[in-house]
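> Here is a sequence together with a model predicted from it:
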Amino acid sequence: MSQFISVFDMLKVGVGPSSSHTLGPWRAAQTWISKLKETQNFFLIDAIQVDLYGSLSLTGKGHATDKAIILGLSGADPEYIPIENIEIIISEVNETKLLSLNSEKSISFSKEDIKFNKEFLPLNPNGMTFTGFKNGKIISQETYYSIGGGFIIQDDDPLAEEIPITKQNFPFPVNHATDLDLYCERENLLISDVVFKNELVVNSAEKIDSELKRIWETMLECMYIGCHAKGILPGGLNVKRRAFDTHQKLIKDSNYKNPQEWITAIRSTEVKFREILKWVTCFALSVNEVNASLGRVVTAPTNGSAGVIPAVLMYYMVIENHNADFEHIKKFLLVAGEIGSLFKKNATISAAMGGCQAEIGVSSAMAAAALTELLGGTPAQSLVAAEIAMEHHLGLTCDPIGGLVQIPCIERNAMGAIKAINAAEMALDTDPKDVKVPLDKVIQTMWETAKDMNKNYKETSEGGLAVTVRMVDC
């Protein structure tokens, strides 16, 4: 896939619990509305039906796909909607049987107008069709596919927004890890330098900085909220939030009033060796507990794996380098985004396509490479770190109990973060010339493994823990 994928494609601000099952359908609904307006059908429609297929149908209710569809059709934006407004909008539709389409016109609509069809469409496991009616006759019908990370495509135009990445368009066209390694060695650049120079083609330096700051602030706020929220996660599994209790034990009696003061408080806390792992675990759990409760997170590269990258970056800031500032954050996110794009171009970042190796595995590889650069590793060592992290996630299945992004998903983020840190440390002690498995080969292996994997283990809740441990057992 010869295309430019921005760091802002890989790191998106959105609402939980799933990028493919929540953010993607949400964006698809918004895209359909735009098409209705283009074709002059928007004000003609008096009824809507939405059909969900494959993984969207099998785990859609647990992933709040139906809610995302309603929110998207209502015109709400997942990046900016006040979280408290989500249930207000959903409740109003359920009670009145009316939908304010794009907040412009009211039409009859109920949850029964969203159909869950177990069959799979041919192009992708996450298919959905929007149908608009006038006086009972179809006047608009569009099918979209949510391909992971909030990306959506259609049958006839799968790469509608592709920007070809060539030497004519970008200073450093990267499609494989070997390209990245070559540019860094030849130009004596860090991976973050290469990524930044490519980003400058489509965004100003000021825009890049402001968006990266927004991404980090969203991550930090998410960790802060998760560490200070207790109770039971929604969905019926009765999963208790654990980040709160862990955080209370670790932070002790420190005083702070906001996320920035929180970082200072953690830095001033005497951290014992065993507590380092607990802090990283706490950061990762906090993010994914917020994600599981329809909170705002950063898709990195998916919502289900949103906790790995902020946990590892926070680890660097409060454990490794107390003087870390925005420049460190910027480098980390640029590297992470580029590594994620390599997996998207050459394999997948969708659990419905590749199992959890495509989510937690990719996020762990992204974090490992980014941490390695901040710890002083060479670009080649950063690529080694990404390879190590993914190699030890190969074959990881996606088997959420009840279709909820809770068990085993939340714990897997903590494990992915720990593996990323371990992979970075191993890479720093490695001579890249001695490496037998390059990153491109492990990406290829991940894709081949994904294709061989039984479909029951690809976010269907029809295999693994989802079958051996039912919701009634919890």
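Structure's in. What do you need?
> Off-centre distance for the lengthiest helix in the chain?
Across the chain, the longest stretch assigned as helix under DSSP state H is helix 205-227. Chain-centre distance of helix 205-227: 14 Å, with Cα atoms, centre = their mean, to the nearest Å.
> Can we start the residue count at 43 from this point?
In the new numbering, first residue 43, that becomes helix 247-269.
> Quick one, grab the pLDDT at Met43.
Per-residue pLDDT puts Met43 at 51.
> returning to that earlier point: and the longest helix of the chain, what does it pack onto?
Secondary-structure packing of helix 247-269 (3 or more Cβ pairs under 8 Å, 6 or more residues apart in numbering; DSSP states H and E): helix 49-52, strand 54-57, helix 285-293, helix 301-310, helix 315-334, strand 338-341, helix 350-357, helix 368-388. C-beta: built from backbone N, CA, C; applies to glycine.
> pull the CA atoms of that helix into CSV?
Extracted in CSV, the C-alpha atoms of helix 247-269 (Å, rounded to 0.1, in the frame of the first residue of the first chain):
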residue,chain,number,x,y,z
ALA,A,247,4.9,23.0,12.1
GLU,A,248,2.6,25.0,14.4
LYS,A,249,-0.4,22.7,13.5
ILE,A,250,1.7,19.6,14.1
ASP,A,251,2.8,20.8,17.5
SER,A,252,-0.7,21.9,18.6
GLU,A,253,-2.3,18.6,17.5
LEU,A,254,0.4,16.5,19.2
LYS,A,255,-0.2,18.6,22.4
ARG,A,256,-3.9,17.9,22.1
ILE,A,257,-3.3,14.2,21.7
TRP,A,258,-1.0,14.1,24.7
GLU,A,259,-3.3,16.2,26.8
THR,A,260,-6.2,13.9,26.0
MET,A,261,-4.0,10.9,26.9
LEU,A,262,-3.0,12.5,30.2
GLU,A,263,-6.5,13.5,31.1
CYS,A,264,-7.7,10.0,30.3
MET,A,265,-5.1,8.5,32.7
TYR,A,266,-6.0,11.1,35.4
ILE,A,267,-9.7,10.4,35.1
GLY,A,268,-9.2,6.6,35.2
CYS,A,269,-6.9,6.8,38.2
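> ok, residues contacting stretch 359-368?
251, 254-255, 258, 305, 308-309, 313, 318, 321, 358, 370-371, 416-417 (Cβ atoms under 8 Å, 6 or more residues apart in numbering).
> The most centrally placed residue in the chain: what's it in contact with?
By Cα atoms, centre = their mean, the mean C-alpha position of the chain lies nearest to Thr344, the distance being 1.6 Å. With contacts defined as Cβ under 8 Å, 6+ apart, Thr344 is in contact with 60-62, 190-191, 391-393, 401, 405.
> run the last query once more with 10 Å
52, 54, 60-63, 65-66, 190-192, 333, 382, 391-393, 398, 400-402, 404-405, 447 (Cβ atoms under 10 Å, 6 or more residues apart in numbering).
> Show me which of those are buried.
The neighbour-count criterion (16 or more other Cβ atoms under 10 Å) marks 52, 54, 60-63, 65-66, 190-192, 333, 382, 391-393, 398, 400-402, 404-405, 447 among the contacts of Thr344 as buried.
> SS state for Thr185?
Of the three states, Thr185 takes strand under DSSP: H, G, I helix; E, B strand; the rest coil.
> I'd guessed Gly104 sits against Gly58; true?
No: with contact taken as Cβ atoms under 10 Å, Gly104 and Gly58 are classed as non-touching, separated by 11.9 Å.
> Spatially nearest residue to Leu140, not counting backbone neighbours?
Excluding the flanking residues, the one nearest Leu140 by Cβ to Cβ, 6 or more residues apart in numbering is Ser148, at 5.2 Å.
> Which members of the buried ones among the contacts of Thr344 are positioned in strands?
In strands, judged by DSSP state E, the following of the buried ones among the contacts of Thr344 are found: 54, 190.
> Please enumerate the shared neighbours of Gly104 and Gly58.
334, 447.
> Of those two, give the one with the bigger neighbour count.
More crowded of Gly104 and Gly58, by other Cβ atoms under 10 Å: Gly58, with 28 against 24.
> Can you report phi and psi for the more buried one?
phi -70, psi 170 (degrees, to the nearest 10).
> follow-up on the earlier one: for ChimeraX, write a command that selects the buried ones of the contacts of stretch 359-368.
Buried subset of those, written as a ChimeraX selection, criterion 16+ other Cβ under 10 Å:
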select :254,258,305,308,318,321,358,370,371,416,417
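> Domains in the protein, by residue range?
61-195, 219-515 (automatic domain parsing).
> Quick check: which of these is buried the most?
Burial of these is given as mean neighbour count (mean count of other Cβ atoms under 10 Å); domain 219-515 ranks first at a mean of 21.
> which residue sits closest to the residue in the chain sticking out farthest from the centre in space, ignoring its chain neighbours?
Most distant from the centre of the chain: Asn177, at 39.7 Å, with distances by Cα atoms, centre = their mean. Once flanking residues are discounted, Asn177 sits nearest to Asp88: 7.0 Å by Cβ to Cβ, 6+ apart.
> and that neighbour, what is it in contact with?
Going by Cβ under 10 Å, 6+ apart, the list of residues near Asp88 reads 143, 147, 149-150, 174-178, 181.
> What of Asp223?
The neighbours of Asp223, taking Cβ under 10 Å, 6+ apart as the test, are 216, 233, 420-422, 424-425, 474, 480-482.
> just for this structure, where's the confidence low?
43-44, 199-205, 513-516 (pLDDT under 70).
> quick revisit: how about the contacts of Asp223 in CSV, adding secondary structure and distance to Ala247?
Converted to CSV, the contacts of Asp223 look like this (DSSP: H, G, I helix; E, B strand; the rest coil; distance: Cβ to Cβ, whole Å):
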residue, secondary structure, distance to Ala247
Val216, coil, 20
Ile233, helix, 18
Thr420, coil, 25
Pro421, helix, 22
Ala422, helix, 27
Ser424, helix, 23
Leu425, helix, 26
Pro474, helix, 31
Pro480, coil, 32
Leu481, helix, 28
Asp482, helix, 30
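> With respect to Ile443, which of the residues you listed is nearest?
Nearest to Ile443 out of the contacts of Asp223 is Leu481 (Cβ to Cβ; 32.5 Å).
> Let me know whether that closest one touches Leu222 as I believe.
Yes: shown here, Leu481 and Leu222 form a contact pair, counting by Cβ under 10 Å, at 8.8 Å.
> Now Asp251: closest residue in space that isn't a chain neighbour?
In space, Asp251 is closest to Lys372, 6.9 Å off (Cβ to Cβ, 6+ apart).
> Start from the N-terminal end of the stretch 343-492 of the chain and give the helices.
350-357, 368-388, 393-396, 402-416, 421-433, 451-470, 481-494 (DSSP state H, counting those that start in this stretch).
> how about TSV for those helices, with distance to Val237 added?
Shown next, in TSV, are the helices of the stretch 343-492 of the chain (distance: least, Cβ to Cβ, whole Å):
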stretch	distance to Val237
helix 350-357	15
helix 368-388	4
helix 393-396	24
helix 402-416	11
helix 421-433	11
helix 451-470	18
helix 481-494	15
